[in-house]
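Engineer: Pasting the sequence and the predicted coordinates here, then a few questions.
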Amino acid sequence: MIYRFAKNTDLPRLMAMTDQAKAGFRARGIDQWQKGEPNEAGLALSISKKNIHVLEENGDVVAMITIVSGPELSYRTIDGAWLNDEPYCAFHRVCVEESRKGQGLAAKLFACSEDYARKQGYTNVRIDTHPGNLSMQRALSKSGFTLCGNLILAEGAEAGNPRLGYQKRL
């Protein structure tokens, strides 16, 4: 399995994976990713900034994650408490190919992304997820993230929506 930066040629695959995830959320009654994001323009911009990383197996992209430097506006206020106030990077838009779910790819993606973050000098990672996204909550817990509290998204198409905030010390 190869962990690498996403390339422009990956964009159709990334869109297909996010479309699968959107449909899955909708089918489970979860309003995450239902308001226009992620979208092609946003993913293309993130690729150009080298913020999207993928797992590739046998030439096929099977998972993706966006990694950005903090601070994040949405993480300024939390009903709870972050583990610390040290610099962090944030993980966003975590997505695993629908047919590959349940195979440990999210854990592999987190582990590789944490290694990348360490190499960039980070000792903390923050991430948020929808309160109804139980599969992501389980993946975060299994990967050693700590639930820190509730927050409200401050930016993007889902601004105003509640999320659960997690943090991990690396």
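Structural biologist: Looks like it came in fine.
Engineer: Please name every helix or strand in contact with the strand ranked longest in the chain.
Structural biologist: Criterion DSSP state E: the longest strand present in the chain is strand 60-69. When contacts are defined as 3 or more Cβ pairs under 8 Å, 6 or more residues apart in numbering; DSSP states H and E, strand 60-69 packs onto helix 11-27, strand 52-57, strand 89-96, helix 105-119. Where C-beta positions appear, they are placed from N, C-alpha and C, glycine not excepted.
Engineer: try it again with 10 Å
Structural biologist: strand 2-5, helix 11-27, helix 40-48, strand 52-57, strand 89-96, helix 105-119 (3 or more Cβ pairs under 10 Å, 6 or more residues apart in numbering; DSSP states H and E).
Engineer: who's in contact with the residue of the chain most remote from its centre?
Structural biologist: Most distant residue from the mean C-alpha position of the chain: residue 58, 22.9 Å away (Cα atoms, centre = their mean). By Cβ atoms under 10 Å, 6 or more residues apart in numbering, the residues touching residue 58 are 1-2.
Engineer: if I look at it, how far off is residue 163?
Structural biologist: The gap separating residue 58 from residue 163 is 34 Å, by Cβ to Cβ, to the nearest Å.
Engineer: Cheers, nothing more for now.
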